[in-house]
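Asks: Sequence and predicted structure are below.
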Amino acid sequence: MGQDKVDGTSAFHTSLQEMLLGNRNYKSPLDMDWGLAKYREILVRNLDGTELGLMQTKFALQMAKERGLVLYPLDPCADPPVAMFVDCNSQQQDMFQKLVQRREASKKVKELKLQISANDFQTKLITAKKVLEKGDELRLAISLKKNELDKADIAVALLNQFATDLGEIAVWTEEPKLEGKIVAMNLFSAL
């Protein structure tokens, strides 16, 4: 595929990203010729990939505009260049799904460390609510010292109390458990 930008994104995808993200300089994909106007003739493929044959570029661009499609270059370096009619709406939906997946992948796991004798329970609770409201995953952990290992049941009860105090914004799949010297549990956003 023809690469129009240094970072490897094509002009088509860049234009869709600009449209989806609300860029003021957005130019509709239907109004762009994708660099095909400089060629006299191009090999055109239909939506389903079947070859329509060699056409004059002006005629192919006009045909795409009449059908409400985009003539997108598949291989502009070939002789003759190869282009394909693309339904702009399905491309926009695909791009939107990719952006959503990228955002989902960017969710982070935040770790919040508590202490058994901590007086900042309410402060940690407020911090945990903020993290969960952003949609990130939260890992609660209580590190036990050597002389506190017999208090693991108190740490488990503290984490259970913390999770229930978060109310309906937190979901957890496992009870707190002791992993070495750390009692931990993971919470997920229910929003």
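Replies: Great, that's in hand.

Asks: Could you check how many residues crowd around the nearest residue to Arg45 once chain neighbours are set aside?
Replies: Excluding the flanking residues, the one nearest Arg45 by C-beta to C-beta, 6 or more residues apart in numbering is Met84, at 4.2 Å. All C-beta atoms are positioned from the backbone trio N, CA, C, and that covers glycine. Applying other C-beta atoms under 10 Å, we find 21 residues neighbouring Met84.

Asks: which phi and psi does Met84 have?
Replies: Torsion angles at Met84 (phi, psi; degrees, to the nearest 10) stand at phi -140, psi 140.

Asks: Am I right that it is in contact with Leu43?
Replies: No: under the criterion of C-beta atoms under 8 Å, Met84 is not in contact with Leu43, lying 9.5 Å apart.

Asks: roughly how far apart are the residue nearest to Arg45 and Asp165?
Replies: Plainly put, Met84 is 56 Å away from Asp165 if you go by C-beta to C-beta, to the nearest Å.

Asks: cool, and Trp172?
Replies: Trp172 is 13 Å from Asp165, by C-beta to C-beta.

Asks: Between the two, point out the one with more neighbours.
Replies: Neighbours per residue (other C-beta under 10 Å) separate Trp172 from Asp165, with Trp172 holding more: 18 against 13.

Asks: Name all residues that make contact with the more buried one.
Replies: Contact partners of Trp172, counting by C-beta atoms under 8 Å, 6 or more residues apart in numbering, are 163, 185-188.

Asks: and if you look at Arg139?
Replies: Residues counted as contacts of Arg139 (C-beta under 8 Å, 6+ apart) are 109-112, 184-187.

Asks: where in this protein is pLDDT low?
Replies: Scanning the chain with the threshold set as pLDDT under 70 gives 1-34, 88-107, 118, 191.

Asks: can you give me the helices for it?
Replies: Applying DSSP state H to the chain gives helices spanning 11-20, 57-67, 88-105, 121-133, 152-165.

Asks: Now the second one: buried residues?
Replies: Neighbour-count burial for helix 57-67, with 16 or more other C-beta atoms under 10 Å as criterion, is recorded at 57, 60-61, 64.

Asks: what do you get for the fourth one?
Replies: By neighbour count, with 16+ other C-beta under 10 Å as the criterion, the buried positions of helix 121-133 are 124, 128-129, 131-132.

Asks: residue with max distance from the center of the chain?
Replies: The centre of the chain is farthest from one residue, Asn147, which by C-alpha atoms, centre = their mean lies 45.1 Å away.

Asks: how near is it to Val183?
Replies: Counting by C-beta to C-beta - Asn147 and Val183 are separated by 15 Å.

Asks: again, but for Ile116
Replies: Ile116 sits 9 Å away from Val183, taking C-beta to C-beta as the criterion.

Asks: Neighbour count for the two, which is higher?
Replies: The residue with more neighbours, out of Ile116 and Val183, is Val183; 25 against 16, by other C-beta under 10 Å.

Asks: Now for that one: which residues touch it?
Replies: 141-142, 144, 152, 155-156, 159, 176-177.
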